[in-house]
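1. Dropping the sequence and predicted coords here.
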Amino acid sequence: WIHGYQSFIWNRMATERIKRWGLRPVKGDLYLKEHESNGDDKDVTTAKVQVVDDPSSVDIFDIVLPLPGYNIQYPSNEIGELYREMLRKDSLDISKNKIAEATAKGGYRKLIQRASQTKWDNLSEDWKEDSSEDQLVTAAKITFELKSGCYATMLLRELMVTTMVRGDNAKR
C-alpha cells in the first residue's frame, strides 16, 4: 500500500505545483543535475538532486518531485511544506526504522516527461488531404513511448485538451 500512497501524494503535489506556478521552474524546486561517470568498469550517467536557485538556468523538463520516503529531499518552496502537511495530516511516518510495510526509501519523478517515438495517423473517414479548410480529426492512431512511471492517460489528456481549457497555465 505504501507505493500507492507515494503515487497519490506525488500526483497531488504535481497538480498543486502546476496550479501555483505553471510550466516554469521556480526557486526552491528540485531538479536532477546529470553528470557522467568515467569509472574503470563502464560509463554511467548518474544524477544528483539539486535545489533551483536561479530558475532561468533550469529547464522545466529537469524539474522533479519526490515520492515520499526516508531517503529523499523535499522542495524548499511551498510545495515542500505541503508534502510535510499531508504526511502529518495522514499521521504517516515513513522513517527507515518502521516496519517494512510502512516504510519506503522514496525517489524522484520528473514533473514533465517528454514522450519519444511519437507518431500519429489520421483515421478520419471524411478527411480531405488537399483541403485548405480547417478540418476536425474524428479518429486518430497515436503511438509513443514513455519512461517507466509515466502514464499514457496523462499524455492523451494533454493531447486532447484545448488551450482555452488550460487557461493561464498553458503559457510559459
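-> Yes, it's here.
2. Can you pull the phi and psi angles for Asp121?
-> When read as degrees, to the nearest 10, the backbone of Asp121 gives phi -120, psi 130.
3. For the residue lying closest to it once chain neighbours are set aside, which residues are in contact?
-> Closest residue in space to Asp121, ignoring its immediate chain neighbours: Lys141 at 4.5 Å, by CB to CB, 6 or more residues apart in numbering. All C-beta spots, glycine's among them, are computed from the backbone N, C-alpha and C. Neighbour list for Lys141: Trp120, Asp121, Leu123 [criterion: CB atoms under 8 Å, 6 or more residues apart in numbering].
4. so Lys141 sits in a strand?
-> Yes. Counting by DSSP: H, G, I helix; E, B strand; the rest coil, one finds Lys141 located in a strand.
5. how near is it to Leu159?
-> Separation of Lys141 from Leu159 (CB to CB, to the nearest Å) stands at 13 Å.
6. Where is the longest helix in the protein?
-> Looking only at the chain and at elements set by DSSP state H, the helix with the highest residue count is helix 2-21.
7. tell me the contacts of the residue sitting nearest the centre point of the chain?
-> The chain has Leu111 as the residue nearest its centroid, 2.3 Å off, counting by CA atoms, centre = their mean. Counting by CB under 8 Å, 6+ apart, Leu111 touches Ala14, Arg17, Ile18, Ile60, Ile63, Val64, Leu65.
8. May I ask which of those residues has the most neighbours?
-> When neighbours are counted as other CB atoms under 10 Å, the busiest of those turns out to be Ile63, with 25 neighbours.
9. residues contacting it?
-> Going by CB under 8 Å, 6+ apart, Ile63 touches Pro25, Asp29, Leu30, Tyr31, Val52, Lys110, Leu111, Ile112.
10. could I get those as TSV with secondary structure and distance to Asp90?
-> As requested, the contacts of Ile63 are exported to TSV (DSSP: H, G, I helix; E, B strand; the rest coil; distance: CB to CB, whole Å):
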residue	secondary structure	distance to Asp90
Pro25	coil	28
Asp29	coil	24
Leu30	strand	22
Tyr31	strand	27
Val52	coil	27
Lys110	strand	25
Leu111	coil	22
Ile112	coil	26
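11. Much appreciated, bye for now.
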